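A.B. asks: Task: produce atomic coordinates for the following.
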Amino acid sequence: MANRKKMDVLEQSGDRSPVSLQTPSTRGSRKIRGLAESRSEDPDRSPPASVLSPELSDFEQRLQAIRQQTEQAREELRQAERSLEEVRRQCRDFQAVQLQTHQMVEELHAVRQGLDQTRQELAIARSESETLGHQAREAAQDFEQAAHFLSTACSQAQAARQQLQEAEQTIRATNEQSEQARERYEQARQWFQEAEEAAQAARRLVQEMKQEREQIRLEVEAAREPVQRSASPPESEAAGEETPPEVSDSGGTVMPALVPAEEARERLIRYLNDAWAVEKTLVEMLQTMAEEVADPELRSLLQEHQSVTRQQKHNLEARLHSLGKTPSGGKGFFDQMLARVWDAMSPPRDELDRTLHDLMKGLGTEHFEIAMYQALEALALAVGDEETTRLAREHLRQEQAVVERLRHFLAPIVMCLASKPESGE
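C.D. replies: Model (predicted):
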């Protein structure tokens, strides 16, 4: 900048020979020029020609050289001026470039600020993008879950539709079964009426057995009267005491037989033989009934009672042998009664019908056996047969126990008949 200011001062003063360009030759030419001026001003003081000629020629040579140097210097000055002008031009361009650079720096700073802001926005956008990506993944999972739920709902709806159809079919079937149940109820009511009639018949038979037992008791008392008149009175009667009558477990009063009556003993053997025939028939009948019934518990009970009945048959057979008799079977009153009662009932239509019929048969025969053993017990007491009395009482307790167990099966089987449709419908 200092050189530039110095060049500007020289240009303004019009001096084309700057001080920095003066050489020693230039200073010598100035000295010679001063001597020539002084000679022209004062000729007397000029040196002699012999002295001046060498110096002059030397001066001229130097002057010539100086002129050449001056021309060269001027040429160099012109070149320097051109260079300076070029430098000035370049400086102006540089200033413009510097100004542009400054503007570019400011623009670059603004760009950097914008870039920083853009980076911040990019970071925010990236964070938002990650958040959106996470939300998109969650949305995809939710969509998959929703699709799964929708598929499950569709499956459930399909299943519900099928269940609805099945329910409608079930309702229709239930309506049909209700109609059939009404028919079955009417049929079951008829069966109850038939069973009631059969029970009434059994009760009539029991009443007949009681009447027969009473008749036997009366016969025993009638047979006892002549014996008492012909025999001497016992010591108790001599002392004025009365012999109390013997009371049986069945509730009736039976007078002990003091004298064996042949007709009553024969009747007792016949009753024992009839009881043996009944038990023999029941062993076979219980086997058939156990195979026919549909209820497993009832089947088990019938099989159990079959074993008891078989033992009762052996007990009666052993008692007959002990009395000197051999048991003989035949179609007696019991078989005739069973045939008459069973023929009065309608034939079974299915397994439940057959189960109910077998149950009613079992209850009827057991009631008959109870009456049979009550009569046998009374007759054995009348003739004084303690072993037969004990045996009859034991069999009577067994028959009464099985009646109580069989009675519990009646209501459930009838309810099952009323609610279940007939097979094949």
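
A.B. asks: Tell me where the model's unsure across the stretch 101-250 of the chain.
C.D. replies: Counting by pLDDT under 70, the stretch 101-250 of the chain has low-confidence residues at 181, 184-185, 187-189, 191-199, 201-203, 205-206, 209, 212-213, 216-217, 219-250.

A.B. asks: Tell me where it has helices.
C.D. replies: Ranges of helices within the stretch 101-250 of the chain are 235-238, based on DSSP state H, counting those that start in this stretch.

A.B. asks: Next one: Glu208 relative to Gln215, how far apart?
C.D. replies: For Glu208, the distance to Gln215 equals 10 Å [C-beta to C-beta, to the nearest Å]. Using the backbone N, CA and C atoms, a C-beta is placed for each residue, glycine as well.

A.B. asks: do the same with Glu266
C.D. replies: 15 Å.

A.B. asks: Check which element follows the helix or strand containing Val278 along the chain.
C.D. replies: Applying DSSP states H and E as the criterion places Val278 in helix 262-292. Sequence-wise, the next helix or strand beyond helix 262-292 is helix 296-322, with elements assigned using DSSP H and E.

A.B. asks: Alpha carbons only: can I get stretch 112-119 in PDB?
C.D. replies: In PDB, the C-alpha atoms belonging to stretch 112-119 read as follows (Å, rounded to 0.1, in the frame of the first residue of the first chain):
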ATOM      1  CA  ARG A 112     -23.600 -23.000   7.400                       C
ATOM      2  CA  GLN A 113     -26.400 -21.700   9.600                       C
ATOM      3  CA  GLY A 114     -28.900 -23.100   7.200                       C
ATOM      4  CA  LEU A 115     -27.000 -26.300   7.100                       C
ATOM      5  CA  ASP A 116     -26.900 -26.500  10.900                       C
ATOM      6  CA  GLN A 117     -30.600 -25.700  11.000                       C
ATOM      7  CA  THR A 118     -31.100 -28.300   8.300                       C
ATOM      8  CA  ARG A 119     -29.100 -30.800  10.300                       C
END
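
A.B. asks: now the helices for the stretch 301-425 of the chain?
C.D. replies: Under DSSP H, counting those that start in this stretch, the stretch 301-425 of the chain gives helices at 333-344, 351-383, 386-407, 410-419.

A.B. asks: so where is the stretch 251-400 of the chain shaky, pLDDT-wise?
C.D. replies: 251-262, 329-346, 348.

A.B. asks: what helices or strands is the host helix or strand of Gln79 leaning on?
C.D. replies: Applying DSSP H and E as the criterion places Gln79 in helix 49-230. Identification of packing neighbours for helix 49-230 by 3 or more C-beta pairs under 8 Å, 6 or more residues apart in numbering; DSSP states H and E yields helix 24-41, helix 262-292, helix 333-344, helix 351-383, helix 410-419.

A.B. asks: Apply 10 Å and report the result again.
C.D. replies: helix 2-13, helix 24-41, strand 253-254, helix 262-292, helix 333-344, helix 351-383, helix 410-419 (3 or more C-beta pairs under 10 Å, 6 or more residues apart in numbering; DSSP states H and E).

A.B. asks: What about Gly364, how many residues nearby?
C.D. replies: 20 (other C-beta atoms under 10 Å).

A.B. asks: separation between the closest residue to Cys416 other than its chain neighbours and Ser419?
C.D. replies: Using C-beta to C-beta, 6 or more residues apart in numbering and skipping the chain neighbours, the partner closest in space to Cys416 is Leu352 (6.2 Å). Distance of Leu352 to Ser419, given as C-beta to C-beta: 10 Å.

A.B. asks: Name the residue in these two with the higher neighbour count.
C.D. replies: Just comparing Leu352 and Ser419: by other C-beta under 10 Å the higher neighbour count belongs to Leu352, 21 against 13.

A.B. asks: mind checking how far the more buried one is from Ala140?
C.D. replies: In terms of C-beta to C-beta, Leu352 sits 62 Å off from Ala140.

A.B. asks: and if you look at His395?
C.D. replies: In terms of C-beta to C-beta, His395 sits 86 Å off from Ala140.

A.B. asks: So between those two, which is more surrounded?
C.D. replies: His395 (24 against 10).
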